[in-house]
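Engineer: Please find the sequence and the predicted model below.
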Amino acid sequence: MLEALRNALRIPDLRRKIIYTAILMGVARIGAYVPVPGVDAAGLAAQLGLDSGNIFGLMDLFTGGALSRFTLFSMGVGPYITASIIIQLLALVIPKLEQMIKEDQKVSAKLTRYGTVVLALIQAFATTMMARNWGVVTNDSPFSLILIIVSLVAGTSFLMWLGEKISEKGIGNGISMLIFIGIVAEIPSNVRNVVMALQAGAISIIGVLVYLIVTVALIAGIVLVQEGQRRIPVQYAKRVIGRKMYGGQSTHIPLRVNQAGVIPVIFASSILTFPLTLAQFIPAVSAVQRWIGYGTVGYNILYVGMIIFFTYFYTAVTFNPQEIADNMKKNGGFVPGLRPGRPTSEYMERVLARITLPGAIFLAIIAVMPFVISAVTRIPQNILSLGGTGMIIMVGVALDTMKQIESHLLLRHYEGFLS
């Protein structure tokens with residue numbers, strides 16, 4: 001791996017991408033320590049109950065501790081993810097919008113940006129009003145409240161811009177990379193919490209060892225599912241053009257068990273976080289917190305269902321069997337035993353539907369595993385905030401980023417990371 005990393009740094013274009021990504025991720029971490037003016041961060045953290053392992057603890061994990069410090073990036077990229085989901089769902093029910101997005105991808109990006117600002121404004125307003133009601137705002141004048149709202153919206157907008165720039169000029173998916181670096185940044189804090197809890201006798205060394213063993217097994221399982229694939233054999237017919245013969249080779253189409261990657265987990269957690277956050281601020285909808293509060297049976301059922309739904313949804317959005325079958329037919333390719341065109345498309349749809357289900361169920365099981373591990377090891381979730389959701393995102397983003405670097409290395413005949 002070290003040799004592969006040295007090879008990556010030898011390639012000027014790849015080196016620039018890695019350095020560019022590292023710099024922007026460093027900027028994101030610096031912004032996670034710039035406080036929002038006019039708010040008692042310690043008092044707000046105490047009111048939110050971040051030490052009790054609630055939904056705000058999960059939000060704090062995704063923002064790399066920015067929420068507990070109530071900094072510019074306290075809301076993270078949650079509004080952006082929610083806005084992108086809304087736009088994609090609207091495109092499915094509004095044919096005109098779908099056609100506009102297919103003709104120009106910039107339309108989708110522009111609408112997502114507008115939606116992000118609107119959702120960020122709503123969440124920032126709710127957060128500011130809650131902080132004022134709890135008495136943690138040092139000055140509740142209209143100007144001070146507007147300043148807090150604008151600061152939070154500007155922080156989310158800036159994070160959105162950083163994510164887009166990483167995707168455009170760096171390595172990996174920008175938004176996923178920002179969530180990844182936030183989760184990684186919280187690992188030292190988790191280690192410190194475990195050491196302090198061991199010294200205080202709050203947890204046992206046996207429980208910690210069981211947690212480590214289960215964590216290693218989960219990481220291995222995540223890698224296995226993320227890399228698992230079903231290969232559809234494809235044969236290309238021989239064609240004679242002039243004096244040369246083309247085609248005739250055999251290849252395959254790799255259908256991944258988890259075609260959507262970590263996106264379903266990020267989507268599901270963001271969708272559930274938004275109403276639960278508002279429910280904390282509006283007493284009239286406290287029933288929402290009681291029935292689907294973080295860690296409850298209702299929350300876990302919804303979480304599992306949404307992960308499975310978004311796995312199928314995102315797979316359908318990103319993988320088009322009909323288009324692949326048409327391209328194969330144009331180039332003289334066919335699946336042995338099947339006619340080109342529609343039969344091939346229907347076959348790939350059936351195979352993809354079968355292999356997606358176990359991948360989606362596995363993702364859902366890993367995502368709710370923290371509650372099981374906490375019950376077995378008797379380690380409270382506020383001590384180890386890095387649960388199944390965090391592990392899936394960390395491992396998934398790391399694998400996707402390594403694959404991008406791998407493709408650059410193999411393109412230049414270097415041995416990659418995954419050899």
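Structural biologist: Thanks, I have the structure now. Only a predicted model underlies this, so the values are computations on that prediction, with no experimental measurement involved.

Engineer: Start from the N-terminal end of the stretch 101-250 of the chain and give the helices.
Structural biologist: Taking DSSP state H, counting those that start in this stretch as the criterion, the stretch 101-250 of the chain contains helices spanning 105-133, 142-169, 174-185, 187-200, 205-227.

Engineer: Now do the shortest one against helix 142-169, angle only.
Structural biologist: Translated: helix 174-185. 110 degrees (axes from the mean of the first three to the mean of the last three CA atoms, to 10 degrees).

Engineer: Remind me what helix 174-185 packs against, helices and strands.
Structural biologist: helix 12-31, helix 55-62, helix 142-169, helix 263-281, helix 388-411 (3 or more CB pairs under 8 Å, 6 or more residues apart in numbering; DSSP states H and E). Every C-beta, even on glycine, is put in place using the N, C-alpha and C of the backbone.

Engineer: Identify the residue spatially nearest to the residue sitting nearest the centre point of the chain, adjacent ones excluded.
Structural biologist: Centrality entry for the chain: nearest residue to the mean C-alpha point is residue 266, 3.8 Å, by CA atoms, centre = their mean. Take residue 266 and drop its neighbours on the chain: the residue closest to it by CB to CB, 6 or more residues apart in numbering is residue 81, 6.0 Å away.

Engineer: what about the one you found, is that helix, strand or coil?
Structural biologist: Look at residue 81: counting by DSSP: H, G, I helix; E, B strand; the rest coil, its state is helix.

Engineer: which residues does it contact?
Structural biologist: 175, 266-267, 270 (CB atoms under 8 Å, 6 or more residues apart in numbering).

Engineer: could those go into JSON lines alongside distance to residue 156 and pLDDT?
Structural biologist: Output for those, formatted as JSON lines (distance: CB to CB, whole Å; pLDDT from 0 to 100):
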{"residue": "175", "distance to residue 156": "11", "pLDDT": "89"}
{"residue": "266", "distance to residue 156": "15", "pLDDT": "78"}
{"residue": "267", "distance to residue 156": "17", "pLDDT": "81"}
{"residue": "270", "distance to residue 156": "12", "pLDDT": "75"}
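
Engineer: Show me which residues of the stretch of helix or strand residue 361 belongs to are buried.
Structural biologist: If you go by DSSP states H and E, residue 361 is part of helix 342-377. When burial is assessed from 16 or more other CB atoms under 10 Å, helix 342-377 yields the following buried residues: 344-345, 347-349, 352, 355-356, 359-360, 362-364, 366-371, 373-374, 377.

Engineer: From the chain's centroid, how far away is that helix?
Structural biologist: The chain centre lies 16 Å from the centre of helix 342-377; the measure is CA atoms, centre = their mean, to the nearest Å.

Engineer: ok, and the closest non-adjacent residue to residue 338?
Structural biologist: Per CB to CB, 6+ apart, closest to residue 338 is residue 344, 5.2 Å.

Engineer: Surely that neighbour and residue 326 touch.
Structural biologist: No - with contact defined as CB atoms under 8 Å, residue 344 does not count as touching residue 326 (9.2 Å).

Engineer: Quick check: closest non-adjacent residue to residue 118.
Structural biologist: residue 83 (7.6 Å).

Engineer: Could you verify my assumption that the one you found touches residue 112?
Structural biologist: Yes - with contact defined as CB under 8 Å, residue 83 and residue 112 form a contacting pair (5.1 Å).

Engineer: so where is the stretch 201-350 of the chain shaky, pLDDT-wise?
Structural biologist: 237-248, 274-290, 292-295 (pLDDT under 70).

Engineer: hmm, back to that, any chance of JSON lines for the helices and strands packed on helix 174-185, columns distance to residue 338?
Structural biologist: Output for those, formatted as JSON lines (distance: least, CB to CB, whole Å):
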{"stretch": "helix 12-31", "distance to residue 338": "40"}
{"stretch": "helix 55-62", "distance to residue 338": "44"}
{"stretch": "helix 142-169", "distance to residue 338": "36"}
{"stretch": "helix 263-281", "distance to residue 338": "30"}
{"stretch": "helix 388-411", "distance to residue 338": "29"}
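
Engineer: wait, doesn't residue 139 sit right on residue 38?
Structural biologist: Yes - using CB under 8 Å, residue 139 makes contact with residue 38 at a distance of 5.5 Å.

Engineer: what about the two, which has more around it?
Structural biologist: Neighbour tally, residue 139 and residue 38, criterion other CB atoms under 10 Å: the higher count belongs to residue 38, 19 against 13.

Engineer: Find the residue closest to that one in space, skipping its chain neighbours.
Structural biologist: In space, and not counting its chain neighbours, residue 38 is closest to residue 144: 4.7 Å by CB to CB, 6+ apart.

Engineer: Next, the contact list for the residue nearest to residue 338, please.
Structural biologist: 321, 325, 328-329, 334-335, 338.

Engineer: closest to residue 261 among those?
Structural biologist: The closest of the contacts of residue 344 to residue 261 turns out to be residue 321 (CB to CB; 18.5 Å).
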